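1. Below: sequence and its predicted model.
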Amino acid sequence: MTDALPNWGDTYLYTLRPTRVAMLTDGPTDRENAAAAAHWVRLESEHAAGQVVFAGRTLVNDERNFAAIVFKAGSLEEARAFAEADPAVVAGVFRPEVYRFEAMLG
């Protein structure tokens, strides 16, 4: 018997932008590397649990750079709390913005 995935509710998207753009051009500091690694471990775990639908990043290395995470949450407040709990946000390496999200294809 397979365990049912939790009903996470509505779909949201949060973007992450680096707080220090030089992280992309000059390379990350040890602290930024550690925060990014913890961020990735969390996303993998939440993806395996069914809460994160997909995640990715743009391939520009300037102020336009951002990552996008599409995920499920029960409310906008829960979505904001989920984004704010991202280890790279907690560490001050990225700043998040949260949006309600509606998939149009896929």
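-> Looks like it came in fine. Residues are numbered from 1 along each chain as shown.
2. how about the helices in this protein?
-> Assigned by DSSP state H, the helices in the chain fall at 22-25, 30-48, 76-84, 87-90.
3. what does the last one rub up against?
-> Contacts to helix 87-90, defined as C-beta atoms under 8 Å, 6 or more residues apart in numbering, come from residues L16, A35, A36, A38, H39, R42, A83, E84, F94, R95, P96. Any C-beta I mention is one placed from the backbone N, CA and C, and that applies to glycine too.
4. Just the C-alphas of that helix, formatted as PDB.
-> Presented in PDB, the C-alpha positions along helix 87-90 are these (Å, rounded to 0.1, in the frame of the first residue of the first chain):
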ATOM      1  CA  PRO A  87      18.100  28.200   4.700                       C
ATOM      2  CA  ALA A  88      19.600  30.600   2.100                       C
ATOM      3  CA  VAL A  89      17.000  33.300   3.000                       C
ATOM      4  CA  VAL A  90      17.600  32.700   6.700                       C
END
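5. got the contacts of helix 87-90 as TSV, with pLDDT columns?
-> Converted to TSV, the contacts of helix 87-90 look like this (pLDDT from 0 to 100):
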residue	pLDDT
L16	97
A35	97
A36	96
A38	98
H39	97
R42	97
A83	98
E84	98
F94	97
R95	97
P96	98
